[in-house]
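S.K.: got a predicted structure plus its sequence, pasted below:
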Amino acid sequence: MDTYKLLITGGQPLKGDVEISGGKNTSVAVIPATLMCDEPCVIENMPDIEDVHVLRDILQMLGAKVSYDSTLKRLSVDPRGVNSCEVPYRQTRRMRASYYLLGALLTRFGEANVGYPGGCAIGNRPFDQHIKGFRALGATVTEANGMICAKGKLSGATVYFDRPTVGGTVNVMLAAVKAKGNSVLLNAAKEPHIVDLANFLNAMGAKIKGAGTDMIRIRGVESLHGGTYAVIPDQIETGTLMIAAAATRGDVTLHGCIPTHMESLSAKLLERGASVTDMDDDSGIPPMSAHRAVNIKTQEYPGFPTDLHQPMIALLCMAQVNSLIHETIFESRFKHLSEMRRMGAHVQIMEQTALIEGVPELHGAPVTVTDLRAGAALVVAGLMATGTTEIYEPGLIERGYEHLEEKLRSLGAIIRREPV
Ligand code: EPZ
């Protein structure tokens with residue numbers, strides 16, 4: 001239970017400039033990857049978020065020397081002292097991506113015993129494809145007492161993913177980079193953070209080609225050296241702030257983002273009646289002119305990201321037009337709708353599709369965060385609503401958004417904390 005709640009008084013158009021932070025989903029893949037290096041690594045643009053803090057703690061527990069400078073956004077990892085391949089459940093339950101330690105420690109030690117992951121309750125979220133990949137590379141994998149145990153010398157193999165999986169692609173890539181021989185990952189995920197991880201590993205001496213396509217080819221190498229690397233900006237933070245700007249009829253410029261990562265969202269915002277002006281590594285959202293109906297289907301990259309479905313629903317709740325969002329990636333990503341109905345939203349769910357009937361306005365209400373991106377949706381709804389919205393359990397939002405309150409306040413939002 002969080003000791004504070006967020007209070008948002010809505011109706012203020014967001015205006016001004018905001019810097020995009022380094023990516024959560026890339027950082028939680030790159031940090032475990034440093035364990036496979038023989039020398040110290042420095043990771044720049046590392047966001048000051050809970051998931052990074054959790055991984056720092058885990059790497060220190062394993063014996064690495066880790067320091068994080070939240071001013072410089074710099075994480076320094078010296079993996080040479082790592083002396084354990086065991087990560088207990090009390091640590092791994094704190095986030096979803098803790099299971100990337102399987103691929104990293106299996107590569108480092110030929111063995112990894114890692115507790116089940118935690119993370120957002122947005123569906124069943126199995127990891128059978130991760131295990132399928134480890135086994136294809138020659139590891140034996142067993143599950144007992146809440147631990148996943150992988151062991152064996154790894155040899156290159158061809159792995160076909162039954163469906164594109166970000167986590168599976170990351171974990172099997174980690175296990176393949178130093179496997180003996182060549183590997184091919186087929187039907188691989190193409191998200192920007194997969195490319196970023198491959199770029200980090202190649203900067204440390206790996207031989208990975210094709211990241212960002214559905215076929216990734218990896219030539220196993222003997223060792224990975226250390227070095228410095230800067231992770232890419234956060235695609236989902238960028239999208240969330242673009243949606244918040246449009247939803248409040250604001251006028252916002254986002255700096256340090258990668259507009260090409262945002263094309264599916266930009267297209268939908270344009271269909272809706274917003275406009276998006278892209279310059280190099282900035283994106284501008286001038287005041288919205290109209291509200292038109294849009295239909296969205298979430299898909300793997302470069303489709304509309306499932307992580308933006310929840311904040312987007314908040315935007316689509318306004319104005320008397322009807323829209324729909326069909327969620328194809330996770331089976332229970334609608335938990336926030338019951339909270340939004342308290343704010344006056346008219347949204348029905350029919351078989352993984354949210355039918356949104358636009359209303360003249362939302363009104364402030366007390367609501368509770370159920371998962372990270374649901375929290376983002378409630379923040380966007382609070383910014384749009386008339387009156388004050390109280391958001392309970394906002395700590396979940398800090399897992400994935402760096403200093404979101406401060407960023408919104410700097411754009412004119414009336415948002416503050418109050419002890420509970
Ligand atoms: C990653 O989750 C992200 N998390 C999620 O972001 C994101 O929503 C998701 O990718 C899709 O883009 C991190 O990167 C830490 P998947 P992941 O494996 O890896 C099924 C956020 O808010 N599947 O691509 O868990 C799975 O159930 C989080 O930042 C299997 O069936 O997603 C899902 O239906 C939420 N077997 C689909 O595939 C497997 O072995 C896609 O999952 C693995 C996945």
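M.R.: Received it, and whenever you're ready, just let me know what you need. Numbers count the residues shown, from 1 in each chain.
S.K.: could you tell me which residues of this protein lie near the ligand?
M.R.: Contact residues, the chain versus the ligand (C-beta under 6 Å from any ligand atom): 24-25, 28, 96-97, 120, 123-130, 163, 165-168, 189, 191, 306-307, 329-330, 372-373, 400. All C-beta spots, glycine's among them, are computed from the backbone N, C-alpha and C.
S.K.: could you redo the last one with a cut-off of 5 Å?
M.R.: Selection of the chain residues close to the ligand by C-beta under 5 Å from any ligand atom yields 25, 96-97, 125-129, 165-168, 306-307, 372-373.
S.K.: looking at those, which are in helices?
M.R.: Asn25, Asp128, Gln129, Val166, Gly167, Gly168, Leu372, Arg373 (DSSP state H).
S.K.: so which of the residues of the chain next to the ligand sits lowest on pLDDT?
M.R.: Within the residues of the chain next to the ligand, Arg125 has the lowest pLDDT, namely 88.
S.K.: mind checking how far that one is from Asn25?
M.R.: Arg125 sits 14 Å away from Asn25, going by C-beta to C-beta, to the nearest Å.
S.K.: those two: who's more crowded?
M.R.: When Arg125 and Asn25 are compared for neighbours, Asn25 comes out ahead with 25 against 14, by other C-beta atoms under 10 Å.
S.K.: which residues does the more buried one contact?
M.R.: Ala97, Val166, Glu191, His193, Asp234, Gln235, Ile236 (C-beta atoms under 8 Å, 6 or more residues apart in numbering).
S.K.: which residue packs closest to Leu35, ignoring adjacent ones?
M.R.: Once flanking residues are discounted, Leu35 sits nearest to Ala104: 4.5 Å by C-beta to C-beta, 6 or more residues apart in numbering.
S.K.: contacts only, for that neighbour.
M.R.: Ala104 touches Pro32, Ala33, Leu35, Met36, Ala112, Leu174, counting by C-beta under 8 Å, 6+ apart.
S.K.: measure how buried the residue in the stretch 151-300 of the chain positioned nearest to the ligand is and give me the count.
M.R.: Nearest residue of the stretch 151-300 of the chain to the ligand (C-beta to the nearest ligand atom) works out as Gly167 at 2.8 Å. When neighbours are defined as other C-beta under 10 Å, Gly167 has 22 of them.
S.K.: that one contacts Phe127, doesn't it?
M.R.: Yes. Assessed by C-beta atoms under 8 Å, Gly167 is found in contact with Phe127 at 6.5 Å.
S.K.: so where do the strands sit in the stretch 251-400 of the chain?
M.R.: For the stretch 251-400 of the chain, strands defined by DSSP state E, counting those that start in this stretch occupy the ranges 251-255, 277-279, 282-285, 295-297, 322-326, 346-350, 353-357, 366-368, 388-392.
S.K.: make JSON lines out of these and add mean neighbour count and mean pLDDT.
M.R.: Shown next, in JSON lines, are the strands of the stretch 251-400 of the chain (neighbours: other C-beta atoms under 10 Å; pLDDT from 0 to 100):
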{"stretch": "strand 251-255", "mean neighbour count": "19", "mean pLDDT": "96"}
{"stretch": "strand 277-279", "mean neighbour count": "13", "mean pLDDT": "89"}
{"stretch": "strand 282-285", "mean neighbour count": "21", "mean pLDDT": "91"}
{"stretch": "strand 295-297", "mean neighbour count": "18", "mean pLDDT": "97"}
{"stretch": "strand 322-326", "mean neighbour count": "20", "mean pLDDT": "96"}
{"stretch": "strand 346-350", "mean neighbour count": "13", "mean pLDDT": "96"}
{"stretch": "strand 353-357", "mean neighbour count": "19", "mean pLDDT": "96"}
{"stretch": "strand 366-368", "mean neighbour count": "20", "mean pLDDT": "98"}
{"stretch": "strand 388-392", "mean neighbour count": "20", "mean pLDDT": "98"}
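S.K.: before we move on, the earlier item: which of the contacts of Asn25 fall within helices?
M.R.: Counting by DSSP H, those place Val166, His193, Gln235, Ile236 in helices.
S.K.: top of these by number of neighbours, please.
M.R.: His193 (27 neighbours).
S.K.: that one touches Ile232, doesn't it?
M.R.: Yes. His193 is within contact range of Ile232, at 7.3 Å (criterion: C-beta under 8 Å).
S.K.: list residues touching both of those two?
M.R.: Contacts common to His193 and Ile232, judged by C-beta under 8 Å, 6+ apart, are Gly23, Thr26.
S.K.: coming back round to it: can I get the contacts of Ala104 in JSON lines with pLDDT?
M.R.: Converted to JSON lines, the contacts of Ala104 look like this (pLDDT from 0 to 100):
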{"residue": "Pro32", "pLDDT": "98"}
{"residue": "Ala33", "pLDDT": "98"}
{"residue": "Leu35", "pLDDT": "98"}
{"residue": "Met36", "pLDDT": "98"}
{"residue": "Ala112", "pLDDT": "98"}
{"residue": "Leu174", "pLDDT": "98"}
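S.K.: list the buried ones in stretch 42-57?
M.R.: In terms of neighbour count (16 or more other C-beta atoms under 10 Å), stretch 42-57 has its buried residues at 42-43, 45-56.
S.K.: an error on my part: the question was meant for stretch 31-43.
M.R.: Using 16+ other C-beta under 10 Å as the test for burial, stretch 31-43 gives Ile31, Pro32, Ala33, Thr34, Leu35, Met36, Cys37, Pro40, Cys41, Val42, Ile43.
S.K.: just the closest of those to Ala381, please.
M.R.: Ile31 (32.2 Å; C-beta to C-beta).
S.K.: correct me if wrong: Cys120 contacts Arg96.
M.R.: Yes. At 6.7 Å, Cys120 counts as touching Arg96 under the criterion of C-beta under 8 Å.
S.K.: closest one to the ligand out of the contacts of Ala104, please.
M.R.: Pro32 (11.1 Å).
S.K.: after the helix or strand that closest one falls within, which helix or strand is next?
M.R.: For Pro32, the host element (DSSP states H and E) is helix 24-33. Downstream of helix 24-33, the next assigned helix or strand under DSSP H and E is strand 41-44.
S.K.: ok, residues contacting that next one?
M.R.: By C-beta under 8 Å, 6+ apart, the residues outside strand 41-44 that reach it are 22, 27, 30-31, 34, 72-77, 79, 200, 204, 226-231.
S.K.: after it comes which helix or strand?
M.R.: Using DSSP H and E, the first helix or strand after strand 41-44 is helix 50-62.
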